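Enquirer: Fold the stuff below for me.
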Amino acid sequence: MMVKIPRFETEQEMRKFWDTHDSAEYFEDMKDDEAEVEFNR
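Expert: Residues are numbered from 1 along each chain as shown. This is a model prediction of the structure:
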């Protein structure tokens, strides 16, 4: 069983969490999403 991704109050809290945790441990709790990305050179 995979661990659930916690809810975050702030972006800083989220960043700190992912700096210290492996996203592979939460793979089953993640959902697909679509996003537009713009690259600047």
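
Enquirer: Give me the distance between residue 34 and residue 21.
Expert: Residue 34 is 25 Å from residue 21, where distance means C-beta to C-beta, to the nearest Å. For glycine as for every other residue, the C-beta is placed from the backbone atoms N, C-alpha and C.

Enquirer: So the two - more neighbours on which side?
Expert: Applying other C-beta atoms under 10 Å to residue 34 and residue 21 shows that residue 21 carries more neighbours, namely 13 against 4.

Enquirer: Please identify which helix or strand holds the more buried one.
Expert: Using DSSP states H and E, residue 21 is not contained in any helix or strand.

Enquirer: where does the chain have low pLDDT?
Expert: Counting by pLDDT under 70, the chain has low-confidence residues at 1-2.

Enquirer: can you pull out the strands in it?
Expert: Assigned by DSSP state E, the chain shows no strands.

Enquirer: Tell me which stretches of this protein form helices.
Expert: For the chain, the helices defined by DSSP state H occupy 11-19.

Enquirer: Count the residues that sit near residue 16.
Expert: 12.

Enquirer: brain fart, residue 40
Expert: By other C-beta under 10 Å, 3 other residues sit near residue 40.

Enquirer: That one: what's it in contact with?
Expert: Going by C-beta atoms under 8 Å, 6 or more residues apart in numbering, residue 40 touches no other residue.

Enquirer: Look up how far residue 11 lies from it.
Expert: Residue 40 is 22 Å from residue 11, by C-beta to C-beta.

Enquirer: Same question for residue 21.
Expert: Taken as C-beta to C-beta, the span from residue 21 to residue 11 is 16 Å.

Enquirer: what's the answer for residue 31, then?
Expert: In terms of C-beta to C-beta, residue 31 sits 19 Å off from residue 11.
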